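Visitor: Got a predicted model here, sequence first, then my questions.
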Amino acid sequence: MEDINYKIVLLGDAGVGKTYILNQYVRGQQPKNNLPTIGIEFATKTVTLQDGGKIQVSIWDTAGQERYRAITTNHFRGASGALLVYDITKEKTFENLTRWMEELKTAANKDVVMFLVGNKTDLVERQTNSRKVTKEEGQLFATKNQLFFEETSAYRGTNIASCFEKLIEEMYIRK
Ligand code: GDP
Ligand code: MG
């Protein structure tokens, strides 16, 4: 195991599904409750890379402070990867991405790898007209800002592991 700390931060408006995404990736399930937790939470996971090597990543979740935009720089410090999450059924969460990205850049590593995630695809499949941000809009924003991009459903587990895998491989390459 390499002795490097691979830190990933989860960012985006309250309610977009950050905690669900983290739980889905780390535990393969949905959180037991929806209560906002106190302070910053993080989970660690040992990841096997494509070349067979193993690294440990720590993934930092926010714990409701994003509601008040009161996230401390400590949250971002040393991050070499980030998942920027929005809800494809809530336009505002997409519009706020630029601000999240700016905050991230103030404190994360210079070469931080950013992954854009449009979450809640299951809602769109179940309810017609619930989609408010098209996949093309997501892709365009990602291309403009040099982000990886994927749409996910943390609810079903769709594309969650692959987002983290791509992000971590890229972080590993850049280190
Ligand atoms: P956070 O505030 O960004 O951490 O968001 P949460 O992970 O707490 O999720 C907020 C709410 O959105 C939860 O009550 C979930 O029920 C719901 N949610 C999260 N991910 C999904 C998803 O992929 N699909 C659907 N339908 N709901 C989701
Ligand atoms: Mg949360």
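Guide: Nice, thanks for sending it over. Ligands and ions are numbered 1, 2, ... in the order given.
Visitor: wait, what's in contact with the closest residue to residue 77 other than its chain neighbours?
Guide: In space, and not counting its chain neighbours, residue 77 is closest to residue 107: 5.2 Å by Cβ to Cβ, 6 or more residues apart in numbering. Placement of C-beta: from N, CA and C, glycine included. Neighbouring residues of residue 107 by Cβ atoms under 8 Å, 6 or more residues apart in numbering: 73, 75-77, 79.
Visitor: Try it again at 6 Å.
Guide: The contact partners of residue 107, by Cβ atoms under 6 Å, 6 or more residues apart in numbering, come to 73, 76-77.
Visitor: and if you look at residue 86?
Guide: Residue 86 makes contact with 12, 16, 93-94, 97, 118, according to Cβ under 6 Å, 6+ apart.
Visitor: which SSE is residue 166 in?
Guide: Element membership for residue 166, per DSSP states H and E: helix 160-174.
Visitor: Pull the distance from that helix to the chain's centre.
Guide: 11 Å (Cα atoms, centre = their mean, to the nearest Å).
Visitor: Please see if stretch 62-80 touches ligand 1.
Guide: No. Applying Cβ under 6 Å from any ligand atom, one finds stretch 62-80 separated from ligand 1 by no less than 7.0 Å.
Visitor: for that stretch, how far is the first residue from the last?
Guide: End-to-end distance for stretch 62-80: 16 Å, by Cα to Cα, to the nearest Å.
Visitor: Could you count how many residues lie near the one residue in the chain that gets nearest to ligand 2?
Guide: Using Cβ to the ion, the single residue of the chain nearest to ligand 2 is residue 19, 3.3 Å away. For residue 19, the neighbour count with other Cβ atoms under 10 Å is 22.
Visitor: now swap in residue 4 and tell me
Guide: Residue 4, neighbours per other Cβ under 10 Å, totals 13.
Visitor: now it, what's its secondary structure?
Guide: Following DSSP: H, G, I helix; E, B strand; the rest coil, the label given to residue 4 is coil.
Visitor: Surely residue 76 touches residue 108?
Guide: Yes. Residue 76 lies in contact with residue 108 (Cβ atoms under 6 Å); the separation is 4.8 Å.
Visitor: Bridging across strands, which residues link to residue 48?
Guide: residue 54 (DSSP bridges).
Visitor: Residue 165 versus that one, what's the distance?
Guide: For residue 48, the distance to residue 165 equals 10 Å [Cβ to Cβ, to the nearest Å].
Visitor: between the two, which one's more packed in?
Guide: Between residue 48 and residue 165, counted using other Cβ under 10 Å, the more crowded position is residue 165 (15 against 11).
Visitor: Can you give me the neighbour number for the closest residue in space to the more buried one that isn't next to it in sequence?
Guide: In space, and not counting its chain neighbours, residue 165 is closest to residue 47: 7.8 Å by Cβ to Cβ, 6+ apart. Other residues near residue 47 come to 16 when the count uses other Cβ under 10 Å.
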